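Participant: I'll drop the sequence and a predicted model, then ask my questions.
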Amino acid sequence: MKSKRVYNFNAGPAALPLTALQKAQAELLDFNGTGMSVMELSHRSKEYEAVHNRAIELLRELLAIPAGYEVLFLQGGASLQFAMVPLNFLPAGAKAGYVMTGVWAEKAYAEAERLGEVFVAASAKAGNYRSIPAVDKLQYDADTAYLHITSNNTIFGTAWQNFPDTGVVPLIADMSSDILSKPFDVSKFALIYAGAQKNLGPSGVTVVIIRRDLLEKANQKVPTMLRYGTFAKDNSLYNTPPTFSIYMIKLMLEWVKEQGGAAALYQQNQRKAALIYDAIDASNGFYLGHAQPDARSLMNITFRLANEALENKFLDTAKKLGFVGLAGHRSVGGCRASAYNAVPYESCQALRELMLSFHRENA
Ligand SMILES: Cc1ncc(COP(=O)(O)O)c(C=O)c1O
């Protein structure tokens, strides 16, 4: 049966590759001749362990993760990382720096502030988070416990175009909404975390990439389930991991590999985003992009129309034509198209056509 697929621009959970979903469907009742679904396998079975290890291996390969880093599967979402990072790496007497680039950065900062001393290394708040601070304007001392950034700001639609070199200060990044959307140098970072539900797979699992020398400095007094070391020591099998979510990550990463990896996705993501940004830029102000052009995200494209009534009309029209997820985040309003890795080019083309025709009819 051929099912109807919408143009899915959800901010997360978000679109998954059709082939990955079809593979999951085909294997749902009998995974690899086991007579069980992946969901019914013991997490201690060799069949599950093969899935688990393959997902890690694919992450290592596709993100070009150097030796000396652990790849972990955690739960609690990226939001738990807001607390786990300072719990493990912000000892008494030290200070951690945060770069404020949006709502998620604010949440990470607020959580760390409950646990230790923090400071703002730079902030784009005064400009309503339309920009990203210049990497050479970040203010922190060499004894900073770590510097935290949010690589892509899901709500405001901005992204770092290049990452700072922080030298001896460990650089920690929330990459929830753009991991694997383009090649980048993992070795600049001491810790990277990302909720899977945008670019890596379904919700329920958070990928953490952590350098071993940082891991060794972690606070040992933290409860077991909140220590990175617990998961590193047991290959993320200390307790029951979210097995089905990890299986879906594996399927999605196999798809990424077939596409040609991060470099090929980057090309495609640039082409996809350009379809929509060009529609904004060529509209003579009918559509107003939120992000400054030099800070634009390829993943979350945010724009407004002249007033809320027109925005609602646009969103209603889109809905009737099979578009999903185009309303902006509830905290900022407007419109947002999330064009993550698995969102097809055709969906972006369809959105562009809708934007052009809606403009013609409502100018
Ligand atoms: C950049 C960023 N960080 C953190 C989060 C929170 O993620 P979670 O819901 O997995 O806790 C989100 C969710 O959209 C996000 O976009």
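Facilitator: Arrived safely, thanks for sending.
Participant: Start from the N-terminal end of this structure and give the strands.
Facilitator: With DSSP state E as the criterion, the chain has strands at 7-8, 69-74, 95-100, 117-123, 147-150, 152-153, 158-159, 171-174, 191-195, 206-211, 288-289, 300-304, 323-324, 335-338.
Participant: Just put the ones you listed in JSON lines and tack on mean neighbour count.
Facilitator: Every residue, glycine included, has its C-beta placed from N, CA and C. Below are the strands of the chain laid out as JSON lines (neighbours: other CB atoms under 10 Å):
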{"stretch": "strand 7-8", "mean neighbour count": "20"}
{"stretch": "strand 69-74", "mean neighbour count": "22"}
{"stretch": "strand 95-100", "mean neighbour count": "24"}
{"stretch": "strand 117-123", "mean neighbour count": "18"}
{"stretch": "strand 147-150", "mean neighbour count": "26"}
{"stretch": "strand 152-153", "mean neighbour count": "28"}
{"stretch": "strand 158-159", "mean neighbour count": "24"}
{"stretch": "strand 171-174", "mean neighbour count": "25"}
{"stretch": "strand 191-195", "mean neighbour count": "26"}
{"stretch": "strand 206-211", "mean neighbour count": "24"}
{"stretch": "strand 288-289", "mean neighbour count": "16"}
{"stretch": "strand 300-304", "mean neighbour count": "26"}
{"stretch": "strand 323-324", "mean neighbour count": "17"}
{"stretch": "strand 335-338", "mean neighbour count": "24"}
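Participant: Show me the one of those that comes nearest the ligand.
Facilitator: Smallest distance to the ligand across the strands of the chain (CB to the nearest ligand atom): 3.0 Å, for strand 191-195.
Participant: Distance from the chain centre to the closest one, please.
Facilitator: Centroid separation between strand 191-195 and its chain, computed with CA atoms, centre = their mean, to the nearest Å, is 8 Å.
Participant: Tell me the helices and strands packed up against that strand.
Facilitator: With contacts taken as 3 or more CB pairs under 8 Å, 6 or more residues apart in numbering; DSSP states H and E, strand 191-195 sits against helix 77-89, strand 171-174, strand 206-211.
Participant: what about it and the ligand, touching?
Facilitator: Yes: against the ligand, strand 191-195 shows contacts by CB under 6 Å from any ligand atom at residue 195.
Participant: Give me the residues contacting stretch 347-363.
Facilitator: With contact meaning CB atoms under 8 Å, 6 or more residues apart in numbering, stretch 347-363 is reached by 7-9, 15, 272-273, 275-276, 278-280, 283, 286-287, 310, 313-314, 317-318, 321, 323, 326, 337, 339.
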